[in-house]
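Colleague: Quick one, what's the 3D model for this:
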Amino acid sequence: MSSAKNTILISDAVGLVGAFIITELVSIIGKDATPENLEIRAGYHTETELANALANPPHPSYVKPCLTKWKDVASLETAMQGCTTLFLLTPFTCAVVAQRKVWVDLAIRLGVKHILHAGIHNGELPASDIPAHEEWNRQSEQYIESQSQHLTWTHLRINFDGYNGVVSIGKIQYFLPAALKCGWIAREDIAAVAARVLLAPADHAGKRYRLSTESLSLEDMAAIASEVVDKPIPAVSLKPEQFFSMATSALANPDNDDQYVEYMKSVQSMFQGLSEGLYIYHLEAYPEVVEQVCQRPFLSFRQWLTNSPHKAKLLQ
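Modeller: Below is the predicted model of the structure:
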């Protein structure tokens with residue numbers, strides 16, 4: 001780590017990816033450490049969230065809670081003052097390019113030196129051949145790259161992530177054909193790669209990391225789960241329209257955000273395309289990325305499930 005101070009801002013400490021990254025950073029640095037040249041700022045999106053984090057700090061003192069209200073540029077500017085490194089992830093809406101442009105422009109003006117951008121795995125195909133939400137994420141990458149005279153960057157291109165999303169009560173289920181092998185990655189591995197980039201950004205400048213470690217079908221996961229819990233676990237294939245109903249429910253979209261709904265329509269189209277044999281780049285896996293960046297093997301689904309509290313759901 002450089003002797004110059006590295007002040008890292010995590011744009012979203014509330015979402016699962018950002019929370020995992022902060023946990024991984026603390027694990028690497030040490031809970032009881034007092035780093036002189038490092039500060040981590042954890043972004044919360046409402047005054048209530050921030051007040052709770054300040055009243056009951058979830059992390060060591062070198063992790064500083066701050067306010068990053070998505071639509072309040074003044075709060076973003078305050079949080080970004082003095083930062084050198086930014087982890088950039090914003091809400092899933094069809095306005096994602098404009099949202100991230102606001103962050104990037106602000107970062108340039110305030111002297112941020114490196115942006116770690118969390119995007120989506122895509123097949124390097126023309127825009128007409130990939131779902132719209134993947135193109136929006138790619139356009140965000142392209143805008144960041146166009147500002148290379150001002151800062152350096154690293155892109156995370158995340159495939160299917162978060163095994164907890166497939167573990168349900170007594171079954172493995174998701175919005176994919178049961179026999180279709182897709183590329184998955186544990187959120188712990190996303191966080192492990194991200195943390196190492198944030199701590200040593202110069203070592204990863206200009207890199208695009210395809211985060212997809214293991215090619216698995218729902219049937220594969222169910223077979224593994226059956227062995228782990230010593231009980232037959234079925235694989236259940238849900239329909240793309242079921243995803244859309246869940247993702248746009250009042251619980252998932254309490255503000256009735258039309259731009260969020262538009263993004264979810266695109267994700268639904270991706271699931272539909274995969275069921276029809278399209279978007280085959282989502283079947284790819286690159287286990288070497290985690291191994292090279294983290295200097296350890298990736299976390300397999302079997303390892304993740306064996307040690308996960310989510311395993312208990314399979315026994316219900």
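Colleague: Glu188 belongs to a helix?
Modeller: Yes. Glu188 sits within a helix when classified using DSSP: H, G, I helix; E, B strand; the rest coil.
Colleague: What ranges in this protein fall below the confidence cut-off?
Modeller: 1-3 (pLDDT under 70).
Colleague: Okay, strands next: where are they in it?
Modeller: Here the chain has its strands, by DSSP state E, at 6-10, 38-44, 63-67, 85-88, 114-120, 152-158, 160-161, 167-168, 171-174, 182-185, 208-211, 214-216, 235-237.
Colleague: Now those in JSON lines, please, with extra columns for distance to Gln272 and mean neighbour count.
Modeller: The way it works is simple: take the backbone N, C-alpha and C, and place the C-beta from them, glycine included. Below are those laid out as JSON lines (distance: least, C-beta to C-beta, whole Å; neighbours: other C-beta atoms under 10 Å):
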{"stretch": "strand 6-10", "distance to Gln272": "33", "mean neighbour count": "24"}
{"stretch": "strand 38-44", "distance to Gln272": "34", "mean neighbour count": "23"}
{"stretch": "strand 63-67", "distance to Gln272": "39", "mean neighbour count": "20"}
{"stretch": "strand 85-88", "distance to Gln272": "29", "mean neighbour count": "26"}
{"stretch": "strand 114-120", "distance to Gln272": "17", "mean neighbour count": "24"}
{"stretch": "strand 152-158", "distance to Gln272": "20", "mean neighbour count": "23"}
{"stretch": "strand 160-161", "distance to Gln272": "15", "mean neighbour count": "20"}
{"stretch": "strand 167-168", "distance to Gln272": "21", "mean neighbour count": "20"}
{"stretch": "strand 171-174", "distance to Gln272": "14", "mean neighbour count": "22"}
{"stretch": "strand 182-185", "distance to Gln272": "14", "mean neighbour count": "26"}
{"stretch": "strand 208-211", "distance to Gln272": "23", "mean neighbour count": "21"}
{"stretch": "strand 214-216", "distance to Gln272": "20", "mean neighbour count": "21"}
{"stretch": "strand 235-237", "distance to Gln272": "13", "mean neighbour count": "18"}
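Colleague: mind giving me TSV with those and columns for distance to Cys94?
Modeller: Conversion of the strands of the chain to TSV gives the following (distance: least, C-beta to C-beta, whole Å):
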stretch	distance to Cys94
strand 6-10	24
strand 38-44	22
strand 63-67	25
strand 85-88	18
strand 114-120	14
strand 152-158	19
strand 160-161	21
strand 167-168	29
strand 171-174	24
strand 182-185	24
strand 208-211	23
strand 214-216	30
strand 235-237	27
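Colleague: out of the ones you listed, nearest to Gln295?
Modeller: strand 208-211 (14.4 Å; C-beta to C-beta).
Colleague: Ok, which of the strands of the chain comes nearest Val17?
Modeller: strand 114-120 (6.4 Å).
Colleague: elements contacting the closest one?
Modeller: Under the contact criterion of 3 or more C-beta pairs under 8 Å, 6 or more residues apart in numbering; DSSP states H and E, strand 114-120 touches strand 85-88, helix 96-110, helix 132-146, strand 152-158, helix 187-199.
Colleague: which one of the ones you listed is the most hemmed in?
Modeller: Most buried of these, by mean neighbour count (mean count of other C-beta atoms under 10 Å): strand 85-88, with a mean of 26.
Colleague: Give the partner strands of it in its sheet and their orientations.
Modeller: strand 6-10 (parallel), strand 114-120 (parallel) (DSSP bridges).
Colleague: Redo those as CSV? Include distance to Ala222.
Modeller: Conversion of the strands paired with strand 85-88 to CSV gives the following (distance: least, C-beta to C-beta, whole Å):
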stretch, distance to Ala222
strand 6-10, 34
strand 114-120, 26
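Colleague: Determine which of those approaches Glu77 most closely.
Modeller: Nearest of the strands paired with strand 85-88 to Glu77, taken as C-beta to C-beta: strand 6-10 at 11.3 Å.
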